[in-house]
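J.: output the structure for:
(chains A and B)
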Amino acid sequence: MFKLSPAGEEFVKKELTRYETKRSAIIPCLFKVQEENKGWVSPEAVTYLSGLMDLPEAWVNEVLNFYTMFNKEPVGKLHVQVCCNISCCMNGARELTKHLKDTFNVKEGEVSADGNVTITRVECLGSCGTAPMMQVNDNYYENLTHESAVKTIKELM
Amino acid sequence: MPKCTINGKEVEVKEGATIIEAFKTMSEDIAHYCWHPGLSIAGVCRLCMVDVEGARGPQIACNTVVKDGMVITNQSEQIKDIVRWGMDFHLINHPLDCPICDQAGECGLQEQYMKFGQYDPEMNQQKVKKRKVVDLGERVVLDSERCILCSRCVRFTDEVSKTNELGIFNRGDRSEVGTFKDKPLNNKYSINTVDICPVGALTSKDFRFRQRVWYLKNDDTVCNGCSTGCNVKAYFNEEGLFRVKPVYNEEVNGHWMCDDGRDIYKYVNKEHRLLKAKNNSGSQWSELTAGKAMQELHNSLFAEIKAAPEKTGVVLTGQYTNEEYQAVFATLKELGVTQAFHWNDTDSDDFDGLLIRGDKNPNTKGLQNAASAFGALKSVADAEAAIASGSLETVMVLAPENIAVYSNYDKTFAALSKAKNFVWFGANKTECFETTNSSNTWMIPIKSFVEKSGTFTNHAGLDQTFNYVTTVVAGALTMSEAMTLFKGETLEFDLRAKPMTSMKNNHFTLNRGEL
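T.: Sure thing, here's the model as predicted:
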């Protein structure tokens, strides 16, 4: 059963008083849950959070399902998000994604066998000048080549 | 009070009224799905577009407040075109399964398409597949492919039932209405979401696939499920009743009714009903018509009771009309009977804050009013004690119609049937009837609330008169008729068919005699 750390619960309590309505605090609280729940938000976590925030589960679930930044399925230790919008694609982001998938032997959106890597394609991450680029967990890695991307991920493992 | 012009006609509306409300007061046609007078404004379907003179462009009528001097129309070619295309977009992912859809015949999408639609669709994309036949608890089934995401049901659970089960999940063309982890929608008002669903996305488990709606007639009556007295429409055909739906009444129930009230029709149908009068004056049951039975009762009991009225008592339940109580009390007065008992298994003041009340009798107030002129009502326990001690020999019982809420039904029946002469007036039959303890038992079939006209007085003292809807058991009597026969008088029947009040009159049926 998932439970936030005391610091996490403190964070949720603070967020609840920050906006005009409690409903507005759902996004930051979901990010906190995702951070503490190994990178994804499980249905149990939704139930837990709705209890903590005293909001209906349906409301929390609506927000969770609407945004792609929340992971509804488990992810690996490293969540690799490769930008596949125009600039990155023109600079070989699709090929890069395929190379990474082949190298780490994982299907898109799934967790690799060792539990280390999940690779997903995402829309623009706002770093068009340094294409192609990827985001691993919370950090950007830019001006990538096939080799530098694999090297970066292997170093982070 | 602002005045505005709608499609060339001037109308005065309440302060703060929206354009769509003005259209409704004028009975002007306007396309809409998401707007519902009992819910908040969502403005998501974009179909109620109107032209307002001087405005930048087309406005949605549901979320635009009428200002003095507004000139509004939805008859311009531009608006008609917007509505046609708006509707076509609603239909992109809507399956064309009307022949197997339970909503067909009362579907907002069908009706509005006939009025406002683009008859030559130009969409040729693959439809998005979504989940079918999602079980949402005891009463509701969801088909999310048919859903047009008007969000009425979501707003209902948020604002009216305040249970917040429903939400719209995912986004874009993958948006789906549903509950978190498909949890059941088991609130006490869930079938209202089926009523307000403009398409066949939410359907009632109880009603689906049982009848095509165009084979059903409907007429207004008053729910007998509790002392609130919600105004309802009963849907029926020659086989009996199939469902009830709420009818708007600001004073009583607003737009809604509870789920328990939806079940009341079941006790009206033949399988639960006492079809003929029954008599057991020894060890054998014999069946006879209700009228004949009342005449025999007159011959055998009337004089006996009149000679010794103190040995007779009447047990009443709050499930009959004011008119019937008057007839009963008048007869008792004539006989000199002074003992009347009140049987109520659900005597409570509970109220859930919306509609459901603890007193599950539609007319407890009416019974009390009628009895006030007669004298105090004793409790049914007093009657049982009096029978046990032998001071009561003849008992007449006005049995409840809604037997599901009478938890001590069987026990009370057994105790009361210990009387020497036992007359049971009731609409329903149950198994306990076979085990009567009396040496002279009479069962008289009584009409249910949809088979008679009358008045119920609800918890607040509001008199609600309702009309005859349909006949299910032709051999049953009303209490007034039974009392007339009991006194030895004859009934006068009005054999002409009565036109139904709330349905459109059929010219040919009504004037058949003159053709």
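
J.: any stretches of chain A with poor pLDDT?
T.: Applying pLDDT under 70 to chain A flags no residue at all.

J.: ok, what's across the strand from the residue nearest to B:T470 when sequence neighbours are not counted?
T.: Leaving out its chain neighbours, the residue that sits closest to B:T470 by C-beta to C-beta, 6 or more residues apart in numbering or on different chains is B:F236, at 4.7 Å. In this view, the C-beta of every residue, glycine as well, is placed from N, C-alpha and C. Judged by DSSP bridges, the bridge partners of B:F236 are B:K217, B:L241.

J.: pretty sure B:F236 sits against B:T221.
T.: No - B:F236 lies out of contact with B:T221 (C-beta atoms under 8 Å); the separation is 10.4 Å.

J.: for chain B, what lies in contact range of chain A?
T.: B:N164, B:E165, B:L166, B:G167, B:I168, B:F169, B:N170, B:R171, B:T179, B:F180, B:K181, B:K183 (C-beta under 8 Å from any C-beta of the partner chain).

J.: can you flag which of these belong to helices?
T.: For the residues of chain B next to chain A, not one is inside helices, with DSSP state H as the criterion.

J.: show me what contacts A:E44?
T.: A:M1, A:F2 (C-beta atoms under 8 Å, 6 or more residues apart in numbering or on different chains).

J.: let me redo that: B:F422
T.: B:F422 makes contact with B:T394, B:V395, B:V397, B:L416, B:T436, B:S438, B:N440, B:T441, B:W442, according to C-beta under 8 Å, 6+ apart.

J.: neighbours around the closest residue to it other than its chain neighbours, how many?
T.: Leaving aside its chain neighbours, B:F422 sits nearest to B:S438 (3.7 Å; criterion: C-beta to C-beta, 6+ apart). Using other C-beta atoms under 10 Å in any protein chain shown, the number of residues around B:S438 comes to 20.

J.: from chain A, how far out is B:S438?
T.: 55 Å (C-beta to the nearest C-beta, to the nearest Å).

J.: retrieve the pLDDT associated with that residue.
T.: B:S438 is assigned a predicted lDDT (pLDDT) of 81.

J.: how close does B:Q295 get to A:P43?
T.: 68 Å (C-beta to C-beta, to the nearest Å).

J.: could you do A:T103 as well?
T.: Distance from A:T103 to A:P43, by C-beta to C-beta: 32 Å.

J.: got it, and B:L142?
T.: Counting by C-beta to C-beta - B:L142 and A:P43 are separated by 18 Å.

J.: got it, and B:V473?
T.: B:V473 is 51 Å from A:P43, by C-beta to C-beta.

J.: what's the answer for B:I264, then?
T.: B:I264 is 38 Å from A:P43, by C-beta to C-beta.

J.: now swap in A:L4 and tell me
T.: Distance, A:L4 to A:P43, using C-beta to C-beta: 16 Å.

J.: which one of these two is surrounded by more residues?
T.: Taking neighbours as other C-beta under 10 Å, A:L4 and A:P43 compare with A:L4 leading, 20 against 14.

J.: what's the helix or strand for that one?
T.: Assessed by DSSP states H and E, A:L4 sits outside every helix and strand.

J.: which non-adjacent residue is nearest it?
T.: That would be A:E36: by C-beta to C-beta, 6+ apart, it lies 5.8 Å from A:L4.

J.: can you report phi and psi for the residue of chain A most remote from its centre?
T.: No residue in chain A sits farther from the centre than A:E20, which is 27.3 Å out by C-alpha atoms, centre = their mean. Note on A:E20: backbone dihedrals following degrees, to the nearest 10 are phi -60, psi -40.

J.: count of residues packed around residue 17?
T.: Because you didn't say which chain, this covers chain A. With other C-beta under 10 Å as criterion, A:T17 counts 8.

J.: chain B was what I was after
T.: Around B:A17 there are 18 residues (other C-beta under 10 Å).

J.: surely it touches B:V65?
T.: Yes - B:A17 sits in contact with B:V65 when judged by C-beta under 8 Å, with a separation of 7.1 Å.

J.: strands along the stretch 351-500 of chain B, start to end?
T.: B:378-379, B:394-398, B:421-426, B:440-445, B:454-457, B:463-466 (DSSP state E, counting those that start in this stretch).

J.: contacting residues around the second one?
T.: Contacts of strand B:394-398 with the rest of the structure, by C-beta under 8 Å, 6+ apart, involve B:301, B:304-305, B:311-317, B:319-320, B:324, B:328, B:343, B:383, B:387, B:416, B:419-426, B:446, B:479.

J.: what's the PyMOL line that selects buried ones from those residues?
T.: Buried residues among the contacts of strand B:394-398 (16 or more other C-beta atoms under 10 Å in any protein chain shown), as a PyMOL selection:
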select buried, chain B and resi 301+305+311+312+313+314+315+316+317+319+320+324+328+343+383+387+416+419+421+422+423+424+425+426+446+479
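
J.: quick check: end-to-end length of stretch B:113-133?
T.: 25 Å (C-alpha to C-alpha, to the nearest Å).

J.: could I get the full set of strands for chain A?
T.: A:78-83, A:117-122, A:134-136, A:139-141 (DSSP state E).

J.: take the ones you listed and write them to CSV, including distance to B:E287.
T.: Formatted as CSV, these follow (distance: least, C-beta to C-beta, whole Å):
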stretch, distance to B:E287
strand A:78-83, 78
strand A:117-122, 76
strand A:134-136, 83
strand A:139-141, 87
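
J.: any chance of those in CSV, plus mean neighbour count?
T.: Converted to CSV, these look like this (neighbours: other C-beta atoms under 10 Å in any protein chain shown):
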stretch, mean neighbour count
strand A:78-83, 24
strand A:117-122, 22
strand A:134-136, 21
strand A:139-141, 14
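
J.: among those, which is nearest B:V252?
T.: strand A:117-122 (54.8 Å; C-beta to C-beta).

J.: how about B:E334, secondary structure?
T.: Here B:E334 is recorded as helix under DSSP: H, G, I helix; E, B strand; the rest coil.

J.: quick one: it and B:K487 touch, right?
T.: Yes - the pair formed by B:E334 and B:K487 meets the contact definition of C-beta under 8 Å, at 6.9 Å.

J.: shouldn't B:K245 be within a helix?
T.: No - B:K245: not assigned to a helix; according to three-state DSSP it is strand.

J.: beta-bridge partners for it, please?
T.: Here B:K245, judged by DSSP bridges, has bridge partners B:K233.

J.: surely it touches B:Y235?
T.: Yes - B:K245 is within contact range of B:Y235, at 7.2 Å (criterion: C-beta under 8 Å).

J.: which neighbours do the two share?
T.: Shared contacts of B:K245 and B:Y235, counting by C-beta under 8 Å, 6+ apart, come down to B:N218.

J.: between the two, which one's more packed in?
T.: B:Y235 (21 against 18).

J.: in the chain, which spans are helices?
T.: You didn't say which chain, so I picked chain A. Using DSSP H, helices in chain A cover A:6-16, A:26-36, A:43-53, A:57-66, A:86-90, A:93-104, A:146-156.

J.: nope, chain B please
T.: Using DSSP H, helices in chain B cover B:19-26, B:77-90, B:108-116, B:152-155, B:191-196, B:259-262, B:290-297, B:303-307, B:322-335, B:364-372, B:380-389, B:409-416, B:479-486, B:507-510.

J.: what does the fourth one contact?
T.: By C-beta under 8 Å, 6+ apart, the list of residues contacting helix B:152-155 from outside reads B:33-34, B:36, B:39-40, B:42, B:166-168, B:177, B:193, B:196-198, B:202.

J.: burial check on A:T130, number of neighbours?
T.: Neighbours of A:T130 under the rule other C-beta under 10 Å: 15.

J.: from chain B, how far out is it?
T.: 29 Å.

J.: returning to that earlier point: of all the strands of chain A, which one is nearest chain B?
T.: Minimum separation from chain B across the strands of chain A (C-beta to the nearest C-beta) falls at strand A:117-122, 15.5 Å.

J.: and that closest one, what does it pack onto?
T.: strand A:78-83, helix A:93-104 (3 or more C-beta pairs under 8 Å, 6 or more residues apart in numbering or on different chains; DSSP states H and E).

J.: can you redo those as TSV with distance to B:L241?
T.: TSV is the format used below for the helices and strands packed on strand A:117-122 (distance: least, C-beta to C-beta, whole Å):
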stretch	distance to B:L241
strand A:78-83	58
helix A:93-104	62
